[in-house]
Structure formats: structure tokens, C-alpha cells
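Trainee: turn this into a model:
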Amino acid sequence: MNTLIRITLMLFISFLLLLGCGFKPRGGGYETLTGQAIILYSDNPFGQLERSIKTTLGAYSVKLETSSKLFSAAPSSEQLSKENLSKAIVNNGIQITHINFKKNILSVDVNGRPAEYETLITVDVSFIFKSSVQQQQIQVQQFSVERDYRYDNNNTLAADRELENLILEMYDQLANRIVAQFSRQMIGN
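Mentor: This is a model prediction of the structure:
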């Protein structure tokens, strides 16, 4: 019985040491987002990436609002109207500025039809952090994800569904990366 207590204690201490070194259990690390009010700015608030971001943030009890696009790219002080600026100061925000989807042909089959594609999604994102009127903090970053996809001409319907699922997975991966980076940046501000 004494050895069982020692082993349990050693495991607990080693777990604390791992956490102290910066390792986090899977799913951890978004504690700063819980209960926060965040605005999602986008031209298409019902797009696939936006829905994935909403789902990811919804898992952490975030008070989420969606709004049309606030800024064009990197905003200047002249572009910030008092109404938009006050709304941005009240809440932190994520702005989707540009989504680029590319599908490049990697190989062709014997008949000259495309057989393998590379799909690439690139997103420009601005993180808006609340601060005073003079110290509005906006950080622009770019995220991208790419996957190779094999197209089967014999099973067109199944191949199209597979591509659709692949694109959904890519958007989910981008959403997770965007939310993780936003959480890290929020800790730093």
C-alpha cells in the first residue's frame, strides 16, 4: 500500500513538472477566452470559416457577436469612425479580411484528366484588442493550410463528397489555429 501511494505521488509531481514547463493537456489553454465578449468581423458572417470559428469559440462560453467588416486591411486612424472604434474597444475582436482558396493540379491520369490536386486555403486575420482610444491594438496575421487530394473519375459523386469533407476539415483546422493564436495574443496584451 505504501508503494502505491509513492507511485501516485511521483506521477502527480511529474505531471506538475510538465505543466510548469509549459506543456498543457490537450484542449487546455483557452482559459483566457472563457466569459469574454468577442466580436467576429467578416463580410460573410455565415461562411464556413466563420461558422467553424463560432463553433470553436462557443465551446469556451464566449459571448460572441458577428458584425460586418470593420476595416479594409491595416486600418489607419482616419478609417476608424468613433462608433466603430467604441464598439471595438468594448470587445476584443477577430476580423477575417481575406480568404483565398486555390486548387492546383499535381498530376493527370492516362486520359489527360486531373487525377491529383493540391488544395490551399489562405486567410488574412486581424486581431483587435481592447485598449484606450489612443492605444488601439490591431495585429494582422496570415494563416494557411494545404492538403493533397486524389480525384477518382470513376466515383465522381463520392470524390466530390470527399473533397467537400476535406475542405470542411481544413476550415476547422484553420479555425482552431486562429482561436489558439488569438488566445495567446490576448494573454500578451
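Trainee: for the rest of this, base every contact and every neighbour count on C-alpha atoms.
Mentor: OK.
Trainee: shouldn't residue 99 be within a strand?
Mentor: Yes: the assignment for residue 99 by DSSP: H, G, I helix; E, B strand; the rest coil puts it in a strand.
Trainee: count the residues that sit near it.
Mentor: The number of residues packed near residue 99 is 14, by other Cα atoms under 10 Å.
Trainee: in this structure it contacts residue 125, no?
Mentor: No: with contact defined as Cα atoms under 8 Å, residue 99 does not reach residue 125; the gap is 9.1 Å.
Trainee: residue ranges with poor pLDDT in this structure?
Mentor: Within the chain, the stretches with pLDDT under 70 are 1, 21-32, 69-91, 131-136, 152-157, 188-189.
Trainee: just the helices in it please.
Mentor: With helices called from DSSP state H, the chain shows them at 2-20, 48-58, 82-90, 156-188.
Trainee: just name the most buried of these.
Mentor: helix 48-58 (a mean of 18; mean count of other Cα atoms under 10 Å).
Trainee: counting contacts, what elements does that one pack onto?
Mentor: Applying 3 or more Cα pairs under 8 Å, 6 or more residues apart in numbering; DSSP states H and E, one finds that helix 48-58 contacts strand 63-67, helix 156-188.
Trainee: now do 6 Å
Mentor: helix 156-188 (3 or more Cα pairs under 6 Å, 6 or more residues apart in numbering; DSSP states H and E).
Trainee: what about the helix it packs on, distance to the chain center?
Mentor: How far helix 156-188 lies from its chain's middle: 7 Å, per Cα atoms, centre = their mean, to the nearest Å.
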